[in-house]
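In: What follows is a protein structure lacking sequence information:
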């Protein structure tokens, strides 16, 4: 069982930056692919970013490419999402997710992730 706890959300203005963190309880955190997803009010949850077990491979949704950066610290059992140049359309509840996979690949498919955090709210005012 893996527990994920997100933090770092808040209220910012358009153009500002935020860094989200997701702390994992997994003893073998480095064996997990990690992903960030988000859900805006009235919308389906959508993929944001993913990173493989070593951090050597990342993949982003087109809507955040060039503005968001996913990274991980396998010593601290934490994955991060650095969000720059935030836009009102980035406003959502952000979830981190974990998938046991040390093959070197990543995943942008929501239902491939078994473990989910409770989410952290990001609000962007225009």
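Out: Sure, I can see it. Note that the structure is a prediction, hence the values are computed from the model and not measured. Numbers count the residues shown, from 1 in each chain.

In: Just the residues contacting the strand or helix carrying residue 81, thanks.
Out: Using DSSP states H and E, the element containing residue 81 is strand 78-83. Contacts to strand 78-83, defined as C-beta atoms under 8 Å, 6 or more residues apart in numbering, come from residues 17-24, 34, 36, 48-49, 51, 64, 67-73, 90, 94, 96, 122. Quick note: C-beta positions are derived from backbone N, CA and C, even for glycine.

In: 7 Å instead, please
Out: Contact with strand 78-83 is made by 17-23, 34, 36, 49, 51, 67-72, 90, 94, 96, as judged by C-beta atoms under 7 Å, 6 or more residues apart in numbering.

In: avg pLDDT for the helix or strand following it?
Out: Under the assignment DSSP H and E, the closest C-terminal helix or strand after strand 78-83 is strand 92-100. Mean per-residue pLDDT for strand 92-100: 97.

In: Would you check that residue 116 makes contact with residue 95?
Out: Yes. The criterion here is C-beta atoms under 7 Å, and residue 116 meets it with residue 95 at 5.7 Å.

In: Which of the two has more residues huddled nearby?
Out: When residue 116 is set against residue 95 and neighbours are counted by other C-beta atoms under 10 Å, the residue ahead is residue 95, at 23 against 18.

In: dump the residue contacts of that one.
Out: 6, 37, 38, 116, 117, 119.

In: please redo it, this time with the cut-off set to 10 Å
Out: Contact analysis of residue 95 by C-beta atoms under 10 Å, 6 or more residues apart in numbering lists 4, 6, 20, 22, 35-39, 45, 48, 110, 113, 116-120.

In: Quick check: neighbours shared by residue 116 and residue 95?
Out: Jointly contacting residue 116 and residue 95 under the rule C-beta under 10 Å, 6+ apart are 4, 6, 35, 37, 45, 110.
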